[in-house]
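> After the sequence you'll find the predicted model.
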Amino acid sequence: MRDHFVEALYKVANLDQNVLLMTGDLGFGVLSKFSKKFSSQYLNVGIAEQNMAGLATGMALEGKTVFIYSIANFPTLRCLEQIRNDICYHKANVKIVAIGCGLSYGALGISHHATEDMAIMRSLPEMTVVAPGDTVEAAAATYAVYEKPGPSYLRLGRGGEPKVHEKGISFEIGKAIRLFEGNDILLISTGGILKNVVEARKLLCQKGFSVALYSMHTLKPFDRVAVEEAAQRVPLIVTIEEHSITGGLGSAVSEVLAELSGKKTRLKRLGLGSGFSSIVGDQEYLRNIYGLSVHKIVEAVEEAYQAQV
Amino acid sequence: MTSSELALKIRKHALEMTHLGQSSHVASILSMADILAVLYGQVLEKRPKEPKWPKRDRFILSKGHAGAGVYAALAETGYFPPEDLKNYYSNGSKFSGHISHIGIPGVELSTGSLGHGLSVGAGMAFAARLDSKKHRHFVLMSDGECDEGSNWEAILFASHHKLSNLIAIIDYNKIQSLDTVGKTLNLEPFVDKWRAFGWNTTEVDGHDHEALVQGLEIDPVKNIQPSCIIAHTTKGKGVSFMENSVLWHYRSPQGEEYENAMNELNQS
């Protein structure tokens, strides 16, 4: 996803000289092509995220479109108040890009697990929150946040993720991509866990379930309609996110369902609990531990389906 | 209107606004009233009837709690009618205690949490240089605010990038919220710190208008570094019983205290 973001931004910067990319001293090897080609549109501000967010606000207020780039929680939690007061209150045209979200940097430890970021960013006024599901969505999301005036948060994985969408997609901020429809279960996925959810769906279909799957790449503004429509016809909705189940996708769907009358559905939220992960392991290892591997997703969905019958 | 007359008007407005609003920070405003008067009266390139004029100098109040002073300076220099100031801090008003830009012509940046203004000012200054624009960026900060680490990130950045179009002004009244700066978190040797960080730093008497004008008339083309003006000020300046008193950071002027303070300003 990281490389697809950079590639897309390269194209954007080539067409629009007012696009700037700032990094908080991260992106080794990844940003070098961009920095060489667009030396006056690139800036490494050092390890100083609070300043980076403030600088971006100032530049945006003077007409620039500023992408600020770092990893995990550094461009969000470290400078949260600058994001709230400076970027959001001033509706500044700043795009916050976090690489390595969820458990991407599993073995690096909890400092590098971005697992509450969506909950926090989703609560900020004026903020758009986008978590693409694969490399195709990551590129499309980069163009989309560039086009949309005002603050955005782009939550990405790292390099090397597989492509999920084999065909072209229609990507619209605030509108889920409905990959499959089905009658028994709706799986709603956000972010880089999409690949596992697609695999899990295949297995569930083999077991005889009719399974729908939506990639909910935007958490804010949220596609209420997609959830409301499904709630009238599918008996079980399962949300899957590589993030705490507090405040993220599961919560967003819960909020829609809680205010909906006459629904015919139940909700099961899959994701991380409230604890930290002090266990060392790579992304797939930790996904398995926390119930987000393909087989654990299948098990949990089946269990939830049996429980509701 | 001379800058001295403007300073007096800012002081009187501040006193009345914090009285009517029953709000805090009157001493913080009195402390910087002369700096504001010199900026808005003489130094800033501006067009009050065209507040977004691209060539204007940018002014950011980073010590946002003293916002009433800027509202007063803007009103008295033609951005909006001075009568509007009576709504300050009242229900339904746009004039919040900490400075807000929404609906108020002339306010560049909303602040209130300390340690935000200098980074934003540096961002504006950087963007201006990219676009070969010649205007300047003034950021007025408090001394206590320099406790915030984010400022020092911005100080490093501005120096590294030689942002000669950025001018930080410190309202160095040496009193912060609960006690003196010296007893809370000592900033000294303060001038040396700014110089060591690569800023062209001068000290002025923050109530001497001639000295302020001299210090603030910075030419970004001649300079090669960002500038810092450390303005030595008296917190509560102009009202004898408020001067150098920690009490008046938060106390609101009411009753006899308000009358006495206004009388002192009227007689000055």
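Received, thanks.
> quick one: the helices in the stretch 1-150 of chain A?
Along the stretch 1-150 of chain A, the segments classed as helices by DSSP state H, counting those that start in this stretch run A:2-15, A:32-37, A:49-61, A:80-81, A:117-122, A:135-147.
> Revised request: answer the last question for the stretch 1-150 of chain B.
For the stretch 1-150 of chain B, the helices defined by DSSP H, counting those that start in this stretch cover B:3-20, B:26-38, B:67-76, B:117-130, B:149-160.
> Next, the angle from the first one to helix B:67-76.
Orientation check (axes from the mean of the first three to the mean of the last three CA atoms, to 10 degrees): helix B:3-20 against helix B:67-76 gives 130 degrees.
> What parts of chain A come near chain B?
Contact residues, chain A versus chain B (CB under 8 Å from any CB of the partner chain): A:40, A:43, A:45-46, A:48, A:50-51, A:53-64, A:81-82, A:85-86, A:89-90. For every residue, glycine as well, the C-beta is placed using N, CA and C.
> Adding mean neighbour count and mean pLDDT, write the helices of the stretch 1-150 of chain B out as CSV.
Putting those into CSV (neighbours: other CB atoms under 10 Å in any protein chain shown; pLDDT from 0 to 100) gives the following:
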stretch, mean neighbour count, mean pLDDT
helix B:3-20, 22, 98
helix B:26-38, 29, 98
helix B:67-76, 26, 98
helix B:117-130, 28, 98
helix B:149-160, 22, 98
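> Tell me which of these lies nearest to chain A.
Chain A lies closest to helix B:117-130 among the helices of the stretch 1-150 of chain B, at 2.3 Å (CB to the nearest CB).
> hey, C-alpha coordinates of the closest one in CSV?
In CSV, the C-alpha atoms belonging to helix B:117-130 read as follows (Å, rounded to 0.1, in the frame of the first residue of the first chain):
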residue,chain,number,x,y,z
GLY,B,117,1.4,29.4,16.9
LEU,B,118,5.1,29.3,16.1
SER,B,119,4.8,26.1,14.0
VAL,B,120,1.9,27.4,12.0
GLY,B,121,3.7,30.7,11.5
ALA,B,122,6.8,28.8,10.3
GLY,B,123,4.6,26.9,7.9
MET,B,124,3.2,30.1,6.5
ALA,B,125,6.7,31.6,6.2
PHE,B,126,8.0,28.5,4.5
ALA,B,127,5.1,28.6,2.0
ALA,B,128,5.6,32.3,1.3
ARG,B,129,9.2,31.7,0.5
LEU,B,130,8.3,28.9,-1.8
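> could you redo the helices of the stretch 1-150 of chain A as CSV and give each row mean neighbour count and mean pLDDT?
Compiled in CSV, those are given as follows (neighbours: other CB under 10 Å; pLDDT from 0 to 100):
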stretch, mean neighbour count, mean pLDDT
helix A:2-15, 18, 97
helix A:32-37, 14, 97
helix A:49-61, 30, 98
helix A:80-81, 15, 98
helix A:117-122, 24, 98
helix A:135-147, 23, 98
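> between those helices, which one is nearest to A:S277?
Each of the helices of the stretch 1-150 of chain A was scored for nearness to A:S277 using CB to CB, and the closest is helix A:117-122 (14.8 Å).
> name the helices or strands packed onto that closest one?
Contact here means 3 or more CB pairs under 8 Å, 6 or more residues apart in numbering or on different chains; DSSP states H and E; on that basis helix A:117-122 packs against strand A:128-130, strand A:152-155, strand A:218-220, strand A:236-244, helix A:249-258.
> Need these in a markdown table (columns: mean neighbour count).
Listed next are those as a markdown table, based on neighbours: other CB atoms under 10 Å in any protein chain shown:
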| stretch | mean neighbour count |
| --- | --- |
| strand A:128-130 | 27 |
| strand A:152-155 | 28 |
| strand A:218-220 | 24 |
| strand A:236-244 | 27 |
| helix A:249-258 | 20 |
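> what would the ones you listed look like in JSON lines with mean pLDDT and distance to B:H13?
Conversion of the helices and strands packed on helix A:117-122 to JSON lines gives the following (pLDDT from 0 to 100; distance: least, CB to CB, whole Å):
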{"stretch": "strand A:128-130", "mean pLDDT": "98", "distance to B:H13": "40"}
{"stretch": "strand A:152-155", "mean pLDDT": "98", "distance to B:H13": "40"}
{"stretch": "strand A:218-220", "mean pLDDT": "98", "distance to B:H13": "41"}
{"stretch": "strand A:236-244", "mean pLDDT": "98", "distance to B:H13": "49"}
{"stretch": "helix A:249-258", "mean pLDDT": "98", "distance to B:H13": "46"}
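> so which of the helices of the stretch 1-150 of chain A comes closest to A:E172?
Closest to A:E172 of the helices of the stretch 1-150 of chain A is helix A:135-147 (CB to CB; 7.4 Å).
> Extract the CA atoms of the closest one and return them as PDB.
Output in PDB follows, covering the C-alpha atoms of helix A:135-147 (Å, rounded to 0.1, in the frame of the first residue of the first chain):
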ATOM      1  CA  THR A 135      -3.100  -1.600  -3.100                       C
ATOM      2  CA  VAL A 136      -5.700  -0.700  -5.600                       C
ATOM      3  CA  GLU A 137      -7.800   1.000  -3.000                       C
ATOM      4  CA  ALA A 138      -4.700   2.700  -1.600                       C
ATOM      5  CA  ALA A 139      -3.900   4.400  -4.900                       C
ATOM      6  CA  ALA A 140      -7.600   5.400  -5.500                       C
ATOM      7  CA  ALA A 141      -7.800   6.700  -1.900                       C
ATOM      8  CA  THR A 142      -4.700   8.900  -2.500                       C
ATOM      9  CA  TYR A 143      -6.400  10.600  -5.500                       C
ATOM     10  CA  ALA A 144      -9.700  10.900  -3.600                       C
ATOM     11  CA  VAL A 145      -8.300  12.600  -0.500                       C
ATOM     12  CA  TYR A 146      -6.300  14.900  -2.700                       C
ATOM     13  CA  GLU A 147      -9.500  15.900  -4.500                       C
END
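> Good, we can wrap up now.
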